[in-house]
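Engineer: Could you work out the structure for the sequence below:
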Amino acid sequence: MTSLPVHRLILPVIAMTLVVVASNILVQYPFEPFGLGDYLTWGAFSYPIAFLVTDLTNRRYGPRVARQLVAVGFVFAIALSVYFATPRIALASGTAYLVGQLLDITVFNRLRRQAWWRAPFVGSVIGSALDTALFFSLAFAAIFPQSIDAALQTNPDDLSYMAEAVSIAGHMVLRWQSLAIFDFSVKMIVALVALLPYGALMSVILPMERAEKAAV
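Structural biologist: So this is what the prediction gives:
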């Protein structure tokens, strides 16, 4: 297989980096409309676009180049996310992004010869499920033990203080679990909507071998 010119990946890398960094910032802001501020963040609406970028790159250049895109996007996204977000969010996002995107590429490649919608949709669903589980676990699951440890160190003999700290920490754990559920639900909706631009671009973004034959 011939090597791919670097300039071909500039636009996908820029798009991927912008999506991930924007999502890392937006995930810190609750989605207030319809009273969903306690259950949803703005990041849930932007992040699934990363799967669209990966799938279109995979369709055009194949899984090897798609993995290169994910790797390059990972480096840029983490570096910028540490600056724009927080180290914990950046680490959680980077891990979830890398695992979820690589899984999406594998699923997409296995289903790419089936119905046109199946590869991008199933890949996004499975990748998003793992991405959501990893991100919210790494970003927020440590809150409960940290809160208990802080309470023990602050007032080790005050049982009422301890009970209150446990109650608050438990509420926070329930909140991030609710955020994860709503986040995944929105990702499924966006995955369905993303089939529209994917389908519209299929006649433009052809697999490389088909595009080369059409150009002859």
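
Engineer: only C-alpha atoms for contact and neighbour calcs from this point on.
Structural biologist: OK.

Engineer: same question for the host helix or strand of Leu179, mean pLDDT?
Structural biologist: Leu179 belongs to helix 159-193 when assigned by DSSP states H and E. Per-region confidence: helix 159-193 scores 72 on mean pLDDT.

Engineer: packing partners for the following helix or strand past it?
Structural biologist: Remark: after helix 159-193, the chain's next helix or strand is helix 195-201, criterion DSSP H and E. With contacts defined as 3 or more C-alpha pairs under 8 Å, 6 or more residues apart in numbering; DSSP states H and E, helix 195-201 has no helix or strand neighbours.

Engineer: got the phi/psi numbers for Thr41?
Structural biologist: The phi/psi pair for Thr41 (degrees, to the nearest 10) reads phi -120, psi 160.

Engineer: cool, and Val27?
Structural biologist: Dihedral angles (degrees, to the nearest 10) for Val27: phi -70, psi -10.

Engineer: if I read this right, it contacts Trp42, doesn't it?
Structural biologist: Yes - in this structure Val27 lies within contact range of Trp42 using C-alpha atoms under 8 Å: 5.7 Å.

Engineer: distance of the closest residue to Tyr97 other than its chain neighbours from Asp183?
Structural biologist: Leaving aside its sequence neighbours, Tyr97 sits nearest to Asp131 (C-alpha to C-alpha, 6 or more residues apart in numbering; 6.2 Å). Counting by C-alpha to C-alpha, to the nearest Å, the gap from Asp131 to Asp183 is 11 Å.

Engineer: same question, Val82
Structural biologist: Applying C-alpha to C-alpha to Val82 and Asp183 gives a distance of 22 Å.

Engineer: and those two? which has more neighbours close in?
Structural biologist: Asp183 (24 against 16; other C-alpha atoms under 10 Å).

Engineer: need the contact list for that one.
Structural biologist: Leu40, Thr41, Ala44, Thr132 (C-alpha atoms under 8 Å, 6 or more residues apart in numbering).

Engineer: Scan those and report the most crowded one.
Structural biologist: Most neighbours among the contacts of Asp183, by other C-alpha under 10 Å: Leu40, with 28 neighbours.

Engineer: Quick one, grab the pLDDT at it.
Structural biologist: Looking at Leu40, the pLDDT reads 85.

Engineer: Test my guess that it contacts Phe31.
Structural biologist: Yes - if you go by C-alpha under 8 Å, Leu40 and Phe31 touch, sitting 5.4 Å apart.

Engineer: since we're on Thr95, how many residues are nearby?
Structural biologist: Neighbour count of Thr95, defined by other C-alpha under 10 Å: 17.

Engineer: Confirm it sits in a helix?
Structural biologist: Yes - the assignment for Thr95 is a helix, going by DSSP: H, G, I helix; E, B strand; the rest coil.

Engineer: which secondary structure elements does the host helix or strand of Gly123 contact?
Structural biologist: Using DSSP H and E, Gly123 falls within helix 118-140. For helix 118-140, the packing partners by 3+ C-alpha pairs under 8 Å, 6+ apart come out as helix 49-61, helix 87-111, helix 159-193.
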